[in-house]
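In: no sequence for this one, just the structure:
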């Protein structure tokens with residue numbers, strides 16, 4: 001079903017656009033959820049969203065009416081999710097980014113993989129694959 005592949009690619013392109021929009025509006029939770037799905041499906045153009053997720057400072061967002069405690073708890077939870085997912089996001093960036101971005105991204109991936117594995121290096125780092 002060649003048409004099914006094209007349709008899936010169009011859906012992935014839409015999800016990437018929504019993730020970009022979410023980042024623009026400081027909705028990093030939505031952007032992370034969408035980017036994670038795109039990475040799992042091997043959607044190459046999502047590397048830009050992944051790179052921005054790994055670059056941008058966690059925090060912000062909201063309309064100012066939420067309590068500060070709630071914002072801090074949500075920011076901490078998001079940072080934990082990003083810390084766990086950052087090696088996979090950066091691996092996707094490595095597989096699809098232009099050559100001039102490869103060296104600095106590889107160094108960031110190494111740091112993220114080491115941080116995700118914890119103090120004893122027990123967790124394996126995600127493999128970089130060119131899907």
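Out: Noted; the coordinates are in hand. Predicted model, so just to flag it, every value in this text is computed and none were measured.
In: can you give me the helices in the protein?
Out: Along the chain, the segments classed as helices by DSSP state H run 2-24, 28-40, 47-55, 68-96, 99-117.
In: Just send those back as a markdown table, with mean pLDDT and mean neighbour count too.
Out: Heads up, the C-betas are built off the backbone N, CA and C, glycines and all. Below are the helices of the chain laid out as a markdown table (pLDDT from 0 to 100; neighbours: other Cβ atoms under 10 Å):
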| stretch | mean pLDDT | mean neighbour count |
| --- | --- | --- |
| helix 2-24 | 89 | 14 |
| helix 28-40 | 95 | 20 |
| helix 47-55 | 93 | 21 |
| helix 68-96 | 88 | 17 |
| helix 99-117 | 91 | 14 |
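In: measure residue 46 to residue 12 for me?
Out: Distance, residue 46 to residue 12, using Cβ to Cβ, to the nearest Å: 7 Å.
In: Spell out which residues are contacts of both of these two.
Out: Residues touching both residue 46 and residue 12 (Cβ atoms under 8 Å, 6 or more residues apart in numbering) are residue 38.
In: and the residue sitting nearest the centre point of the chain, what does it touch?
Out: For the chain, the residue nearest the mean C-alpha position is residue 50 (3.8 Å; Cα atoms, centre = their mean). Going by Cβ under 8 Å, 6+ apart, residue 50 touches 35, 39, 89, 90, 92, 93.
In: Show me which pair in those is furthest apart.
Out: Farthest-apart pair in the contacts of residue 50 is 35 and 90; separation 11.5 Å (Cβ to Cβ).
In: Just give the number of residues close to residue 44.
Out: By the criterion of other Cβ atoms under 10 Å, residue 44 has 15 neighbours.
In: pretty sure it contacts residue 93?
Out: No. With contact defined as Cβ atoms under 8 Å, residue 44 does not reach residue 93; the gap is 10.3 Å.
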